[in-house]
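> Task: produce atomic coordinates for the following.
(chains A and B)
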Amino acid sequence: EAGVTQFPSHSVIEKGQTVTLRCDPISGHDNLYWYRRVMGKEIKFLLHFVKESKQDESGMPNNRFLAERTGGTYSTLKVQPAELEDSGVYFCASSQFKEQYFGPGTRLTVT
Amino acid sequence: KQEVTQIPAALSVPEGENLVLNCSFTDSAIYNLQWFRQDPGKGLTSLLLIQSSQREQTSGRLNASLDKSSGRSTLYIAASQPGDSATYLCAVSQGSQGNLIFGKGTKLSVKP
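Model prediction:
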């Protein structure tokens, strides 16, 4: 069974540019989560999808972040325009019942 | 607001030692607690999940305990090996499909 995959693994962009991160959850998992870890801080929740619906987006930092989940399958997280403080590692996780399974993360560097 | 703390932040032990990693949380109303391992540059690997109604879970050389009323969990690693070197993260969920709230982790180094 394939695990959670994320693309790209690393992205370096300039301040003001747009970046789109992609997450493919484990097949059949209805729940999809986005988390972020910025330097020196703990991993923090961004939002939660159940199938294609946003269940909880209380962790989204501001309206420069837009998440979608097409047809309840893969999800994208777009940052537009990117700011320096958006640098960090973005993790995606999926679950069907209780345990969450994480992807390898996308390291985003905004210069 | 739930907060998760892990102590120590870093730990170095010689190979073969038994060790304990600590996790504490401020709100005892949790649904479950998960321990993860993260290797440098990699994602999180789930080690153990303890439901709020459980006291402990075991997997191989790992044993995790939960004392919900006191807001504490421990991860016990028996007979540590250099391959156990990684960052160990503790996270709690406050709902059946709720998001995880993480501690900052304990960076473990096991010396040969």
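> Do you know the pLDDT at B:K42?
Among the per-residue scores, B:K42 shows a pLDDT of 87.
> I'd guessed it sits against A:P104; true?
Yes - counting by CB atoms under 8 Å, A:P104 is a contact partner of B:K42 at 5.9 Å. C-beta here means a position set from N, CA and C on the backbone, and glycine is covered the same way.
> more crowded one of these two?
Shown here are B:K42 and A:P104; by other CB atoms under 10 Å in any protein chain shown, A:P104 has more neighbours (18 against 13).
> Tell me the pLDDT of the more buried one.
Note for A:P104: predicted pLDDT of 94.
> give the contact list for the nearest residue to it once chain neighbours are set aside.
In space, A:P104 comes closest to B:G43 once its chain neighbours are excluded; the distance is 3.9 Å by CB to CB, 6 or more residues apart in numbering or on different chains. Residues in contact with B:G43 (CB atoms under 8 Å, 6 or more residues apart in numbering or on different chains) are A:4, A:91, A:102-105.
> now swap in B:G95 and tell me
B:Y31.
> Show me what from chain B comes close to chain A.
B:4, B:32, B:34, B:36, B:42-46, B:49, B:51, B:89, B:91, B:93, B:96-105 (CB under 8 Å from any CB of the partner chain).
> Buried ones only from the residues you listed, please, as a ChimeraX command.
Here is the ChimeraX command that selects the buried residues among these (16 or more other CB atoms under 10 Å in any protein chain shown):
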select /B:4,32,34,36,43,44,46,49,89,91,93,97,98,99,100,101,102,103,104,105
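> Just the ones of the residues of chain B next to chain A in strands?
Judged by DSSP state E, strands contain the following of the residues of chain B next to chain A: B:4, B:32, B:34, B:36, B:44-46, B:49, B:51, B:89, B:91, B:93, B:100-102.
> Fine by me, we can end here.
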